[in-house]
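A.B. asks: Just need the structure, nothing else, for what follows:
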Amino acid sequence: PGGWRVLRAGRNRGKWAAIRPAHAEVRGRYPTSRDAGLECAPADVALLLEPLRSGGARVVFGTRAFKSHSAFSFWYVVGNRAVTFAANLVYNSWISDLMTGYKAMETELFRSLDLRERGFAIEAEITARLLGAGVRVFEVPIEYRARSREEGEKLTALDGLRGLRTLLRCRIA
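C.D. replies: The predicted structure is shown next:
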């Protein structure tokens, strides 16, 4: 609707399996990725587009507030904050939510990203590639209500370590 085109990855192999092939398929001005798990409100995608359309940003992340009623667990939030802190430290930046499932950016910027990661580490790679290129990330608050582990997959400590490895790999490469 309204000129939007939705790309689907067939069977569920994770977000990376949808994002990487989208490089060749993307059309329009602002490709937007969002998690399919419905932890974030689909209507919030519009919030990401406003700073892009006004010319105030080249890339926008939807940032989650992690309130007591919306967070999955203490350690899940701490892990996300640790990986985000590492990105800020390594890239001398200030972002609040690296692993957010809502991202939008200019088409040519999206196409310029050399994405190779599989799994959840693709979120760290997208962020690292952007920050490494000197692109400032604009953030807007989005609604978030975490699912339980039974309702869907969750990041683990291993995913956090893979994210850290990706940040460092992209920085020294």
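A.B. asks: Do you have the helices of this structure handy? List them.
C.D. replies: Along the chain, the segments classed as helices by DSSP state H run 15-25, 45-53, 74-91, 107-112, 121-132, 157-172.
A.B. asks: Go through those helices and pick out the most buried.
C.D. replies: Ranked by mean neighbour count, these are led by helix 121-132 with a mean of 24 (mean count of other CB atoms under 10 Å). Every residue, glycine included, has its C-beta placed from N, CA and C.
A.B. asks: tell me how far stretch 85-102 is from the chain's mean position?
C.D. replies: Stretch 85-102 has its C-alpha centroid displaced from the chain centroid by 10 Å (CA atoms, centre = their mean, to the nearest Å).
A.B. asks: How many residues are close by Met99?
C.D. replies: Neighbourhood size, Met99 [other CB atoms under 10 Å]: 22.
A.B. asks: any idea how far Phe74 is from it?
C.D. replies: 16 Å (CB to CB, to the nearest Å).
A.B. asks: Ok, Ser112 next?
C.D. replies: According to CB to CB, Ser112 stands 37 Å off from Phe74.
A.B. asks: same check, this time on Glu25
C.D. replies: Taking CB to CB as the measure, Glu25 falls 39 Å from Phe74.
A.B. asks: for this protein, which spans come out with low pLDDT?
C.D. replies: Applying pLDDT under 70 to the chain flags the ranges 1-18, 20, 23, 35-38, 40, 69-70, 148, 152-154.
A.B. asks: 80 instead?
C.D. replies: 1-27, 32-42, 66-72, 144-155 (pLDDT under 80).
A.B. asks: Please name the nearest non-neighbouring residue to Leu48.
C.D. replies: Using CB to CB, 6 or more residues apart in numbering and skipping the chain neighbours, the partner closest in space to Leu48 is Ala104 (4.0 Å).
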